[in-house]
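Peer 1: here's my sequence, what's the structure:
(one chain, ligands or ions: 2)
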Amino acid sequence: MGQFAAYAVSKIPFVSRLVLFGREGNEDFLEGIKLDFIDSFSALGRDVKLSASTNPGDIEGSDVVIITSGVPRSPGQDRLDLAKQNARVVAYYSKMIAGYAPDAIIMVVSNPVDVMTAVALECSGFIPSRVFGLGTHLDSMRLKSYIANHFSVHVSEVHTRIIGEHGETMVPLWSATTIGGIQVQNLPEFSSLPKDEFVECVKVAGSEIINKCGATIYGPGEAIATIVRTILGNENRILSVSAYIRSEVNDIGDVCIGVPVRINRKGVFPVPIRISEEEVSGFQRSVDRIKSITSEVLSDLKSENAEIDKKNNVVHENDLLF
Ligand SMILES: NC(=O)c1ccc[n+]([C@@H]2O[C@H](COP(=O)([O-])OP(=O)(O)OC[C@H]3O[C@@H](n4cnc5c(N)ncnc54)[C@H](O)[C@@H]3O)[C@@H](O)[C@H]2O)c1
Ligand SMILES: O=C(O)C[C@H](O)C(=O)O
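Peer 2: Ligands and ions are numbered 1, 2, ... in the order given. Predicted coordinates:
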């Protein structure tokens, strides 16, 4: 998925330099991807300064760094099952980014993305507006396509939003869903809209794709590129990503989770909202679930780091290979 995401990002007009970064041992693989991208740029008439690297120094000066490293889930696994394993990877790279690209904005994709966003925030030491995760943006896009299909309208006529966990407890905001600018509840067809079925389909969309072809690639890749374009173009679009909220949703907060944020070159800024009672109780459930796993993962990381520091004061690449 990281490979396709990089390709989708490389096609954004604002992108003039792109580093394909990977871990040591992958030099030939990265160089091969680079050469293939260059062929395609020639066909497209794109002029992008491209490098393939395993040297952290090469990310210096980056505006945006996207973390896609980590294990994906296998059929039958929940994204949350990956938390402990991927936390170590995301922690390592977040520290690396803080050291080599201290002015960057970090986008986390690795799952479970809400928990990994909190890990990146903690380990980079960046301010919350400069660390976010792909969150429920992809879920919102999935729901949008089901609704557009149901009403036989172009997807651009549908605005909708899912907040909360990128996972089982996600919360659809029907109150924020419009078709052609008309609130969906005001359409006569609303009562027959298979809302629960749609949300269930969004929840299992990732696992269905993984079961059938091994990985989700194009959906997340394009979703990542949309967000990068929004940042670099300073577009101030409002998208649903995983961000640290203090109390922006009905005074609920102190967690990294999917919420509507305004996105521009400075980063992501949660939009304070008030949602219905039913939506609040769903969102609270989501927050509780993410908070509890986040605090477990962060406390494990802290004790592991203390152990490593005690040993030799350095985190080695080998510490990540398990
Ligand atoms: N948030 C989303 O919507 C979304 C969408 C798709 C994938 N994902 C997540 O992104 C991650 C990657 O998914 P994928 O399908 O690209 O998987 P993949 O197996 O194709 O790629 C994973 C990459 O991570 C690297 N990696 C794995 N373990 C590592 C370690 N210990 N240290 C350093 N690098 C390591 C691998 O070398 C590989 O390049 C997974 O966690 C997946 O669940 C999230
Ligand atoms: O479902 C997954 O594990 C991958 C990703 O989170 C997705 O929703 O496509």
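Peer 1: for the rest of this, base every contact and every neighbour count on C-alpha atoms.
Peer 2: OK.
Peer 1: end to end on stretch 150-161, go ahead and measure it.
Peer 2: Start and end residues of stretch 150-161 are separated by 17 Å (CA to CA, to the nearest Å).
Peer 1: residues from the stretch 1-150 of the chain in reach of ligand 1?
Peer 2: Residues of the stretch 1-150 of the chain lying near ligand 1 by CA under 6 Å from any ligand atom: 1-2, 23, 68-73, 89, 109-111, 113, 134-135, 138.
Peer 1: filter the residues you listed down to just the ones in helices.
Peer 2: Of the positions in those, 2, 89, 113, 138 sit in helices, assigned by DSSP state H.
Peer 1: now the two most distant members of those.
Peer 2: By the measure CA to CA, Val89 and Leu138 form the most distant pair in those, at 22.5 Å.
Peer 1: with adjacent residues omitted, what lies nearest to Ile245?
Peer 2: Spatially, and ignoring its direct neighbours in sequence, Ile245 is nearest to Gly253 (5.0 Å; CA to CA, 6 or more residues apart in numbering).
Peer 1: just the buried subset of the residues of the stretch 1-150 of the chain next to ligand 1, please.
Peer 2: When those are checked for burial by 16 or more other CA atoms under 10 Å, the buried set is 1-2, 68-70, 72-73, 89, 109-111, 113, 134-135, 138.
Peer 1: just those residues that are near ligand 2?
Peer 2: Applying CA under 6 Å from any ligand atom to these, those adjacent to ligand 2 are Arg73.
Peer 1: just the buried residues of stretch 77-93, please?
Peer 2: Those would be 79-80, 82-93, for stretch 77-93 by 16+ other CA under 10 Å.
Peer 1: make a markdown table from the residues you listed and add pLDDT and secondary structure to it.
Peer 2: Below are these laid out as a markdown table (pLDDT from 0 to 100; DSSP: H, G, I helix; E, B strand; the rest coil):
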| residue | pLDDT | secondary structure |
| --- | --- | --- |
| Arg79 | 98 | helix |
| Leu80 | 97 | helix |
| Leu82 | 98 | helix |
| Ala83 | 98 | helix |
| Lys84 | 97 | helix |
| Gln85 | 97 | helix |
| Asn86 | 98 | helix |
| Ala87 | 98 | helix |
| Arg88 | 97 | helix |
| Val89 | 97 | helix |
| Val90 | 98 | helix |
| Ala91 | 98 | helix |
| Tyr92 | 97 | helix |
| Tyr93 | 98 | helix |
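Peer 1: can you list the low-confidence ranges for the stretch 201-322 of the chain?
Peer 2: For the stretch 201-322 of the chain, the stretches with pLDDT under 70 are 308-322.
Peer 1: how about the residue in it that ligand 2 sits nearest to, secondary structure?
Peer 2: Per CA to the nearest ligand atom, Gly206 is where the stretch 201-322 of the chain lies closest to ligand 2, at 3.3 Å. Following DSSP: H, G, I helix; E, B strand; the rest coil, Gly206 is assigned to helix.
Peer 1: is it true that it touches Gly214?
Peer 2: No - Gly206 is beyond contact range of Gly214, at 10.0 Å (criterion: CA atoms under 8 Å).
Peer 1: out of those two, which sits in the busier spot?
Peer 2: Gly206 (20 against 14; other CA atoms under 10 Å).
Peer 1: quick one, what contacts the more buried one?
Peer 2: Thr216 (CA atoms under 8 Å, 6 or more residues apart in numbering).
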